[in-house]
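In: Build me a structure from this.
(chains A and B, ligands or ions: 1)
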Amino acid sequence: MKNFLSTKDLTKEEILNIFDLADTFRELNTRGVKKAPALAGKTVINLFFENSTRTRTSFEIAEKRLSADSINFSVAVSSAQKGETLIDTVHNLESMKADIFVIRHECSGAVKFVADNTPVPVINAGDGLNEHPTQSMLDIYTIRRAKNRLEGLNVTIMGDISHSRVARSNIWAMKTMGMNVRLFGPPTVMPNDVTSFGCKICKNIDEALDDADALIILRIQRERQGELLIPSAREYARFFGVMPHHFVKMKKDSLILHPGPINRGVEISSHAADSDKSAILEQVENGVAIRMAILCMVDKGIKA
Amino acid sequence: MRIALKNGTVVTDKLSVCNLIIDNGKITEITDEVPQTDKEIDCSGKIIVPGLIDMHTHLREPGQEYKETLLSGSEAAVAGGVTTLCCMANANPVTDDSALAAWIVKRGKEIGLADILPYACVTKGMAGKELTEMGILLQSGVCGFSDDGKPIISGEVMRRALEYSKYFGSYIACHEEEPTLSDKGVMHEGAVSANCGLRGIPTEAESVMIARDIELARLTGGRAHICHVSGSRSVELIRRGKADGINITSEVTPNHLTLTDKACADYDTASKVNPPLRAETDRQTLIAALKDGVIDCVASDHAPHHKDDKFMEYDHAAFGMLGLQLLIPLLTAQIHAGAYNWVDFARFTSENPAKILGLTNKGRLNKGFDADITVIDPVTEYIYDEKVNRSKSVNTPFWGKTLKGRAVLTIKNGKTVFEI
Ligand SMILES: [Zn+2]
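Out: The predicted model follows:
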């Protein structure tokens, strides 16, 4: 593939190919010398127009383990603040002979806009409310490692669905993998036309947890989406968070995932985050391997 | 000079293949005879309609001449069969002053292609607070009052504007948008926005303001013209208001009659417009409401923008689409699809706008009326490209698309102002 922008058009086979390649990198990452030559001599620019230490670091580690020359270009030090247009910035970096762009942008569709206007392969590291496809791949990969299958699993995505790119990427990819996706969250952060996602909408947390093989708990960002939509942290925790008393109702082997950073005591209790159901740290570990796999595929132009 | 438009399909209350005679800037005869004339123009196979009257354009001069000027806008107008156009007041400076209004009228006459009728602001500086000098502005040639581009947020201001403009027999053209509901939205809120992650503008951002203004028109007896209606609920409210005898009229754009929010799904900024392209059910409602008279007329909301204003992130791109040269092809498509006939066309694009604007001697192909006439080729296909386009800007989802229906001859006061 030339670009990795969205999970919408990925086929089952393409996703499984990513997972297979990630398996080999996951193994590499446990060795003493964690280095592969795949991207030696290649320049990868992490172009972040929105802060994200976490995703950027994960990409940076992935790039370095593949021996790429990894450059971080973030908005705080960029010319975007001086009024340069997005595409002018991109053309500038292009001229420095970048081989891959990894882009995070606050506007939905902006990463596709760049990809449409540059010959350099582009990986979407999150665009606005739209998609975060590498996160989705690592989420599903983590579930598959735990369950050894995906088809027919019940997954509930919980939280601010309206403003979540993680939710969107996961909905598309999980449906492709034959998983039953259910959505749950306060009505103020569910899209107006949420039925168009083709997912079951849970009426309450009991329905959300019922028979769930995995929960994707989204981070609540009151400071970003405005205090209007979620009245308070404690209100959210009481009605929409995963609390210790819920554990009795959950499947024994259900898995708890969270894209991080977690808000303990808000969308997820410490009890849940630290329990043996939690796969949160494994997600982080798998994230590096998944991103290595996607970087390789994009670099080689291999059909995933 | 006496001119005969021969053998065209002349659109009045019916269609008749006959000869239309123009003399001294007026329509003198519609006849089956072949009277003696100085010049004959063969119009066989063509449709002859009264020159289009476009109640809603943005011509960008003064202030943004790199997007459009009164000259380029006039050229686009006559190429689109439009012989009279109203330009909105949100240029820079805004038209809140009689000298500027008079200058626009004068400049339009100098250009001599189409009549340019400026709107003046409802409020000084378009700031939504104090009323403009409506009486003086009317004397300098404005056609009505509008803060279009922005809603009038204060109900009190809208009330007083309706009351005061009524005294002069004028009206308020309302851009209906409740700004806290539209907020940071960039497209219609619905299934498509949910799927592509663009922030949505609910149809209620429009309809709640329409509800308010219908109530205020009722209170004051003033006249409200609802601009660019986009949603089904808005149509329903206007239908009820009209049934209650309230003094309201409304318009729809050709773009909203043709396109839906699906056009936004791949983040093409050409699809970004305010009000946004709505859902298919809304579009169907608009088509029907125009036919049955709930919506009175079609206006282009021609909103040219430079390439640079559109070549960017969808969130940051300018709102607006070209319209002047799309009135004919997009309505022709509706006619070919069976939604309308040519008598409807003439009513939507000329007769009803003339009534709303109070223009006498325009809007129909009547004996004695001004010879503002558009001859349309309804069948030949063409590509909307730089050869066809007369606007300075190219921001339209129809750029490069094959269209059918085009003005081949536009006559203003008996003079040819456009022909191909
Ligand atoms: Zn408007």
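
In: Compute the number of surrounding residues for A:His258.
Out: A count of nearby residues for A:His258, using other C-beta atoms under 10 Å in any protein chain shown, gives 25. Every residue, glycine included, has its C-beta placed from N, CA and C.

In: Tell me if I'm right that it and A:Ile220 touch.
Out: No. Using C-beta atoms under 8 Å, A:His258 is not in contact with A:Ile220, being 10.8 Å away.

In: intersection of neighbour lists for these two?
Out: The contact sets of A:His258 and A:Ile220 overlap at A:Glu267 (C-beta atoms under 8 Å, 6 or more residues apart in numbering or on different chains).

In: domains in the chain, as residue ranges please.
Out: As the question left the chain open, I've gone with chain A. According to automatic domain parsing, chain A is divided into the following domains: A:12-131+A:284-300, A:133-279.

In: um, chain B though
Out: Chain B breaks down by automatic domain parsing into domains covering B:3-46+B:372-419, B:52-357.

In: Out of these, which is closest to A:Ala115?
Out: Distances from A:Ala115 to each of the domains of chain B were compared by C-beta to C-beta, and the smallest falls on domain B:52-357, at 11.0 Å.

In: Mind checking if the closest one is in reach of the ion?
Out: Yes. Using C-beta under 5 Å from the ion, a contact is recorded between domain B:52-357 and the ion, made by B:148, B:175.

In: Name the nearest residue to the closest residue to the ion within the stretch 51-200 of chain A, sequence neighbours excluded.
Out: Nearest residue of the stretch 51-200 of chain A to the ion, counting by C-beta to the ion: A:Asn192, 23.0 Å away. In space, not counting the residues next to it along the chain, A:Asn192 is nearest to B:Glu189; the distance is 5.3 Å by C-beta to C-beta, 6 or more residues apart in numbering or on different chains.

In: Which residues are in contact with B:Thr9?
Out: B:15-17, B:46-48, B:342.

In: Of these, which belong to strands?
Out: Residues of the contacts of B:Thr9 located in strands (DSSP state E): B:15-17, B:47-48.

In: And those, which of them are buried?
Out: Buried residues within the ones in strands among the contacts of B:Thr9, counting neighbours by 16 or more other C-beta atoms under 10 Å in any protein chain shown: B:47-48.

In: Need the max-distance pair from the ones in strands among the contacts of B:Thr9.
Out: In the ones in strands among the contacts of B:Thr9, the most distant members under the criterion C-beta to C-beta are B:Ser16 and B:Ile47, with 11.5 Å between them.

In: Which secondary structure state is assigned to the residue in the stretch 1-150 of chain B that the ion sits nearest to?
Out: Nearest residue of the stretch 1-150 of chain B to the ion (C-beta to the ion) works out as B:Asp148 at 4.2 Å. Classification of B:Asp148 by DSSP: H, G, I helix; E, B strand; the rest coil places it in coil.

In: So for the chain, the centremost residue is which one?
Out: Looking at chain A here, since you left the chain open. The structure's chain A has its C-alpha centroid closest to A:Gln135; by C-alpha atoms, centre = their mean the separation is 1.9 Å.

In: wrong one, I was asking about chain B
Out: Within chain B, the residue whose C-alpha comes closest to the C-alpha centroid is B:Ala299; the distance, by C-alpha atoms, centre = their mean, is 1.9 Å.

In: Is the closest residue to that residue other than its chain neighbours inside a helix or a strand, and which specific one?
Out: Distances taken as C-beta to C-beta, 6+ apart put B:His56 closest to B:Ala299, at 3.7 Å, once the chain neighbours are dropped. Counting by DSSP states H and E, the element that carries B:His56 is strand B:52-57.

In: CA-only coordinates of that strand, as CSV, when you get a sec.
Out: Presented in CSV, the C-alpha positions along strand B:52-57 are these (Å, rounded to 0.1, in the frame of the first residue of the first chain):
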residue,chain,number,x,y,z
LEU,B,52,-33.3,35.2,-14.9
ILE,B,53,-33.5,37.3,-11.8
ASP,B,54,-31.1,36.0,-9.2
MET,B,55,-32.0,37.4,-5.7
HIS,B,56,-28.8,36.1,-4.0
THR,B,57,-25.2,36.6,-5.1
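
In: just checking, what packs against the helix or strand that it is followed by?
Out: On the C-terminal side of strand B:52-57, the nearest following helix or strand under DSSP H and E is helix B:70-79. Other helices and strands packing on helix B:70-79, by 3 or more C-beta pairs under 8 Å, 6 or more residues apart in numbering or on different chains; DSSP states H and E, are strand B:52-57, strand B:82-87, helix B:98-111, strand B:115-120, strand B:402-412, strand B:415-419.

In: List the buried residues of the stretch of helix or strand B:Ala289 belongs to.
Out: Per DSSP H and E: B:Ala289 is located in helix B:280-291. Going by neighbour count (16+ other C-beta under 10 Å), the buried part of helix B:280-291 is B:282-283, B:285-287, B:289-291.

In: Pull it out as PDB, backbone CA atoms only.
Out: Output of helix B:280-291 as PDB, limited to C-alpha atoms (Å, rounded to 0.1, in the frame of the first residue of the first chain):
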ATOM      1  CA  GLU B 280     -31.500  13.100   0.400                       C
ATOM      2  CA  THR B 281     -34.800  13.400   2.200                       C
ATOM      3  CA  ASP B 282     -34.300  17.100   2.600                       C
ATOM      4  CA  ARG B 283     -33.400  17.500  -1.000                       C
ATOM      5  CA  GLN B 284     -36.500  15.700  -2.100                       C
ATOM      6  CA  THR B 285     -38.600  18.000   0.200                       C
ATOM      7  CA  LEU B 286     -37.000  21.100  -1.300                       C
ATOM      8  CA  ILE B 287     -37.800  19.900  -4.900                       C
ATOM      9  CA  ALA B 288     -41.400  19.300  -4.000                       C
ATOM     10  CA  ALA B 289     -41.700  22.500  -2.000                       C
ATOM     11  CA  LEU B 290     -40.500  24.600  -4.900                       C
ATOM     12  CA  LYS B 291     -43.000  22.900  -7.200                       C
END
